[in-house]
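J.: Mind folding the following:
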Amino acid sequence: MTNWKTAVIGVTPNENRYAFKAVTKLTDYGYPLVALGFRGGIVAGNDIILDWPKSISNLKVVTLYIGKQRQQDFYTYIIDLKPKKVIFNPGTENEDFYALLDKNGIEYEEACTLVLLSTGMYSENV
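T.: Below you'll find the model as predicted:
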């Protein structure tokens, strides 16, 4: 479908969590991704990476599933990945981070990755 990648941050092997559902749906739709998490496991055939890479080739989107307080530890990491866009899923909104992204020329959006995928707007929006 595409050669660009999505980094999903906050992936968990807990199937009741939205990050799990997002990885599953991205995989089902054929989007290449990197699953970054804090506990090991496999989601929809994707290993959850605990030792986060310093760079991700062909990265276009970062979609967040970690809350505002936890995001602070990853501001520099995410900016250094140089994604085109960061998606703030419901519950992850963070105006402080928006300002940093603006300063670094990175687009951001408050949206639900699952809804974007379900409506066919994911690839159009990113």
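J.: ok, so what distance separates the spatially most central residue of the chain from Glu93?
T.: Note on the chain: the residue nearest the mean C-alpha position is Thr63, at 2.2 Å, using CA atoms, centre = their mean. As judged by CB to CB, to the nearest Å, Thr63 and Glu93 stand 13 Å apart. C-beta coordinates here come from the backbone N, C-alpha and C atoms, glycine included.
J.: Can you tell me which helix or strand of this protein has the lowest average pLDDT?
T.: helix 122-125 (a mean of 78; mean pLDDT, DSSP states H and E).
J.: And that helix, what does it pack against?
T.: Helices and strands touching helix 122-125, by 3 or more CB pairs under 8 Å, 6 or more residues apart in numbering; DSSP states H and E, are helix 113-118.
J.: what helices or strands is the helix it packs on leaning on?
T.: Secondary-structure packing of helix 113-118 (3+ CB pairs under 8 Å, 6+ apart): helix 18-28, helix 122-125.
J.: where exactly do the helices run in the protein?
T.: 18-28, 68-71, 75-81, 95-103, 113-118, 122-125 (DSSP state H).
J.: Return the most buried member of the ones you listed.
T.: Counting by mean count of other CB atoms under 10 Å, helix 18-28 has the highest mean neighbour count of the helices of the chain, with a mean of 20.
J.: Pull the distance from it to the chain's centre.
T.: 10 Å (CA atoms, centre = their mean, to the nearest Å).
J.: List the contacts of it.
T.: Outside helix 18-28, the residues within contact range by CB atoms under 8 Å, 6 or more residues apart in numbering are 6, 8, 10-15, 33, 35, 37, 43-46, 63, 65, 89, 113-114, 117-118.
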